[in-house]
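Asker: Sequence and predicted structure are below.
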Amino acid sequence: MGLKKGMTNNPNGRKPGVPNKVTTGMRERVNAFLDENFDIVQEDFKKLEPKDKLLFYTKLLSFGLPTLKAVEHTGEVQSRLDGLTETQLNELITKLLNELEQ
């Protein structure tokens, strides 16, 4: 069966939201290594083939960008949009695009 979400077999364990010490320590060590060797990494990057550069860059981005999670569509937005006219929908789209440009 397993435990319900948020439940644990160790009630005295790490509280939610408190960072993992091992992860934090490892992240600091990796960052220090990269800082100390940045020039070497940059020179080696220049020597890579284009496909390997892309692979390296893509993997590096995964550490710098937040991971996107899937979202469940509940249909609420769709039902709100169903009652709008084509003109209202076009106005809404224009407004959203203007917001994105700012």
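Answerer: The structure has been received and is ready for your questions. Numbering: from 1, shown residues only.

Asker: can we go C-alpha only for contacts and neighbour counts from here?
Answerer: OK.

Asker: need the helices for this protein, in chain order.
Answerer: 21-36, 38-47, 50-64, 76-82, 86-101 (DSSP state H).

Asker: averaging pLDDT over each of these, which comes out lowest?
Answerer: Per-stretch mean pLDDT for the helices of the chain is lowest at helix 76-82 (a mean of 67).

Asker: on that earlier part again, can you put the helices of the chain in JSON lines and add distance to residue 11 and mean neighbour count?
Answerer: Shown next, in JSON lines, are these (distance: least, Cα to Cα, whole Å; neighbours: other Cα atoms under 10 Å):
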{"stretch": "helix 21-36", "distance to residue 11": "18", "mean neighbour count": "11"}
{"stretch": "helix 38-47", "distance to residue 11": "43", "mean neighbour count": "11"}
{"stretch": "helix 50-64", "distance to residue 11": "31", "mean neighbour count": "11"}
{"stretch": "helix 76-82", "distance to residue 11": "38", "mean neighbour count": "9"}
{"stretch": "helix 86-101", "distance to residue 11": "45", "mean neighbour count": "11"}
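
Asker: Residue 13 is nearest to which of these?
Answerer: helix 21-36 (12.8 Å; Cα to Cα).
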